[in-house]
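# sequence and predicted model, in that order:
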There are 2 protein chains.
Amino acid sequence: MLIHISRELLVKAIQHVYKAVSNNGRGSMISVINILVQNEWIFISGTGTSLAVQYKVCTSDSKVRIFNQGSITCQANYLYEISRKLVDDIVIIEVIEQRILYITSGSTQVRLNGMLHTDIPFFSQNKYQQTTNQFIVPCNLLVPMIKQVAGVASTTDAKPVFMGVCLEIQGSQLTMIATDGVVRMARCSIPIENDAGWTGISIIPATSLIDIAKMLTNDGFTDVVIELNHYEIRFMTPNLLIKSAVIEGLYPSTRNLVPHIHVSEVVLDNISFRQLLDRVSVLAGYHLVTMQISEGRLTLLSNTAEIGGISDELDLKEQSGENFSITINGKFLISTLRCVNEDYIRIRFTGSRSPILLLPVREERDWLFLLTPVLTKSS
Amino acid sequence: MLIHISRELLVKAIQHVYKAVSNNGRGSMISVINILVQNEWIFISGTGTSLAVQYKVCTSDSKVRIFNQGSITCQANYLYEISRKLVDDIVIIEVIEQRILYITSGSTQVRLNGMLHTDIPFFSQNKYQQTTNQFIVPCNLLVPMIKQVAGVASTTDAKPVFMGVCLEIQGSQLTMIATDGVVRMARCSIPIENDAGWTGISIIPATSLIDIAKMLTNDGFTDVVIELNHYEIRFMTPNLLIKSAVIEGLYPSTRNLVPHIHVSEVVLDNISFRQLLDRVSVLAGYHLVTMQISEGRLTLLSNTAEIGGISDELDLKEQSGENFSITINGKFLISTLRCVNEDYIRIRFTGSRSPILLLPVREERDWLFLLTPVLTKSS
């Protein structure tokens, strides 16, 4: 193998792939990155516990020249650290003896021992077949949707499907649903660019989906092609191919969780509300916070017998229905408000022992966040 | 107690004090901050494991008004978090019932339970007496000196004096010395503003000194008054009083450690050298790096049998004496180069089994860093 590649492009490719493999730190497998030069393409790939990522570069890109084909697999962290620290614009990557990678850039000369990789499940170029279950969504809608929904999924493996995010494709709409199975549920829908004309469902590990959102954010492409089958899901941009395992199982219906009638409804400023919540939650370790709605004002209260208490208030933008008071887990609400990209949000109160609902104010947005109250002595 | 204080001033004072007390996390003591309003002064104080800090504000400052005197002690972390999250410019601090602190700022109302503080060793206003062992140094010389020297001190308590930094006052010169007792020694001298006219010596815990440097950096004052006695050292600016315990014991003489003759001497660019070292050390986990000086060039090499090797080179600015090769611990050298505020540095080679010396190029600077080589098979 012998290639010349621009440092910038090499660093970008390795960083993308490293995001997936570095999660292996959680397990015991050694993280590796494979570089494969085949025909007119350079494929840089890595496999994590539930993610596989491949970044491809074509010789039509002026920043790369291929002289000799070949393949090598190296420990991911060394390749990542070295690539970041190179200073010259051009990097020469060469495999002369078997399993030894030489990197030359300016005055820097690196010799990195490769590894046998027969047992590492990389992307197979030959076996890759397109399925018909394919659709296209814009990155600038997909990434915020993932951020808003995926954080709600459960982090304990008591019920594995709840550690995943449920993707539903229904014709021209993609919906993501996540719940921790106890207190929170989030749902969000976005339009599909090419009407899929089919329905499908898949459960993706929430942690993988969060990593994928990060990779797509940095990739700079506007559209992403998503492909589904029973065993895996693929996200594709012109340079990037990300493959994730899916969680087997049946995702329970969440439609019945959402109350259809409400007692009160208020509209308030998203950022002011979040800052207020953050301030009031300080003493209670971000747990119990009481929301009181009364005559156009929201008062937040938090009290602990040992430490003390805080109260603060905010004018509502709109209020309809009766005054109410409810105690919720402030931490769960803050983490969702952080990911909601809206100026104003709508909160529906459905009863003192029923969940509150957060909804968008703008009609073109389609999302929902449900939070079950904490039952206190007074409720 | 009843005072009005600007949020900005309150946050600044609490942040300064919090730096000292937050180190208590290492121990089991609860970190507390005391607010004392006495005559025309507000004293905000905290005590850590080996540091005590007091920030004082006078009513002559237009940003504060005192209505009632008093004192209260609260848990440091809550006071710190609350003060950071207030939004209104004016903060009202009030103690009505005994041991309950009320903070009001805009619409925010906080009630914070205080604590008994009879057994917490705060600054006693009455017992404080000026000693004659006092001198003045500029902050912009003192802070870099601490950063350059204190990191070299030992982190294990096998020999307690080596966990400290030795301060020597000799007339018009302040010298700091630190060593880990094995591989490294750092020394730095700066002029004293008012010729002290006396000699003195004191050993300050290196971790305390590093915290002090951080506090002085943010304080914004140009000069710091330092006061020494057998039990403690005080650093004073108009608003800040920092007290540190001293380490009892005799600091061994380090004069004999420094070789007086050298075989070779080179001058090189500080930043380029550090970046080169950083790059070459990547594979070896920042440990063994070989420096080769030959015909006006420095080559750095690092090799491990399992992972691979890196080499890179740099043109020297000057070279006198013979070519040489020496293997050192790259991590120790990088951490010192990061703290040395010089464009160029001088390296003296004193023999293949003797330490290398780092020195300033500019004559007005007075510092030294000594690093013992790692003995390899070839040396």
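Perfect, thanks for sending it. Here the structure is a predicted model, which is why all the values come from computation and not from measurement.

# could you use CA atoms for every contact and neighbour count after this?
OK.

# burial count for A:Ser264?
17 (other C-alpha atoms under 10 Å in any protein chain shown).

# what's opposite it in the beta bridge?
A:Gly321, A:Phe349 (DSSP bridges).

# what helix or strand is A:Ile334 located in?
helix A:330-339 (DSSP states H and E).

# which residues are in contact with that helix?
Residues outside helix A:330-339 that contact it (C-alpha atoms under 8 Å, 6 or more residues apart in numbering or on different chains): A:144, A:147-148, A:151-152, A:184, A:270-271, A:274, A:277-278, A:281, A:286-289, A:371.

# gap between it and the chain center?
The chain centre lies 16 Å from the centre of helix A:330-339; the measure is C-alpha atoms, centre = their mean, to the nearest Å.

# any buried residues in it, and which?
Residues of helix A:330-339 classed as buried: A:330-334, A:336-337 (neighbour count, 16 or more other C-alpha atoms under 10 Å in any protein chain shown).

# residue of the stretch 151-300 of chain A nearest chain B, please.
Using C-alpha to the nearest C-alpha, the closest approach of the stretch 151-300 of chain A to chain B is made by A:Arg279 at 5.6 Å.

# so which of the contacts of helix A:330-339 belong to helices?
Residues of the contacts of helix A:330-339 located in helices (DSSP state H): A:144, A:147-148, A:270-271, A:274, A:277-278.

# sorry, back to before: what number of residues lie near the residue of the stretch 151-300 of chain A closest to chain B?
23.

# B:Leu86 is in contact with that one, correct?
Yes: A:Arg279 is within contact range of B:Leu86, at 7.3 Å (criterion: C-alpha atoms under 8 Å).

# elements contacting whatever helix or strand A:Val11 lives in?
Using DSSP H and E, A:Val11 falls within helix A:7-21. The helices and strands touching helix A:7-21, judged by 3 or more C-alpha pairs under 8 Å, 6 or more residues apart in numbering or on different chains; DSSP states H and E, are strand A:32-38, strand A:41-47, strand A:51-58, helix A:76-85, helix A:206-219.

# that helix to strand A:41-47, inter-axis angle?
30 degrees (axes from the mean of the first three to the mean of the last three C-alpha atoms, to 10 degrees).

# got the angle between helix A:7-21 and helix A:76-85?
Helix A:7-21 runs at 150 degrees relative to helix A:76-85, counting by the same axes, to 10 degrees.

# interface residues of the stretch 1-150 of chain A facing chain B?
Residues of the stretch 1-150 of chain A lying near chain B by C-alpha under 8 Å from any C-alpha of the partner chain: A:78, A:81-82, A:85-86, A:107-113.

# of those, which is the most crowded?
These, ranked by neighbours (other C-alpha under 10 Å): first place A:Leu112, 25 neighbours.

# give me the domain ranges for chain A.
Annotated domains of chain A cover A:2-113, A:134-255, A:258-371 [automatic domain parsing].

# got the residue ranges for the strands in the stretch 251-379 of chain A?
Here the stretch 251-379 of chain A has its strands, by DSSP state E, counting those that start in this stretch, at A:264-269, A:288-294, A:297-304, A:308-315, A:318-321, A:324-329, A:344-349, A:356-360, A:367-371.

# show me the contacts for the most centrally placed residue in chain A.
Of all residues in chain A, the one closest to the mean position by C-alpha atoms, centre = their mean is A:Ile210, 2.0 Å from it. By C-alpha under 8 Å, 6+ apart, A:Ile210 lies in contact with A:146-147, A:150.

# tell me the one of those nearest B:Glu364?
A:Lys147 (55.7 Å; C-alpha to C-alpha).

# just give me the neighbour total for that closest one.
19.

# contacting residues around it?
A:Lys147 touches A:210, A:213, A:339, counting by C-alpha under 8 Å, 6+ apart.

# state the distance from it to A:Phe235.
16 Å (C-alpha to C-alpha, to the nearest Å).

# then A:Asp219?
Per C-alpha to C-alpha, A:Asp219 is found 12 Å from A:Phe235.

# neighbour count winner among those two?
For A:Asp219 and A:Phe235, the more surrounded residue by other C-alpha under 10 Å is A:Phe235, and the numbers stand at 20 against 17.

# what about A:Gln134, how many neighbours?
17.

# where does chain A dip in pLDDT?
A:23-30, A:117-132, A:196, A:286, A:377-379 (pLDDT under 70).

# what sits opposite the nearest residue to A:Ala52 once chain neighbours are set aside in the beta ladder?
Spatial nearest neighbour of A:Ala52, chain neighbours left out: A:Lys243 (5.0 Å); criterion: C-alpha to C-alpha, 6 or more residues apart in numbering or on different chains. Going by DSSP bridges, A:Lys243 is paired in beta bridges with A:Ala52, A:Arg234.

# list the residues that contact A:Lys243.
A:51-53, A:232-235.

# next, the contact list for A:Gly197, please.
A:170-172.

# with A:Val91 instead?
Contact analysis of A:Val91 by C-alpha under 8 Å, 6+ apart lists A:4-7, A:103-106.

# grab the nearest non-local neighbour of it.
A:Ser105 (4.7 Å).

# returning to that earlier point: go ahead and build a PyMOL selection from the buried members of the contacts of helix A:330-339.
The following PyMOL line selects those of the contacts of helix A:330-339 that are buried, judged by 16+ other C-alpha under 10 Å:
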select buried, chain A and resi 144+147+148+151+152+184+270+271+274+277+278+281+286+287+288+289+371
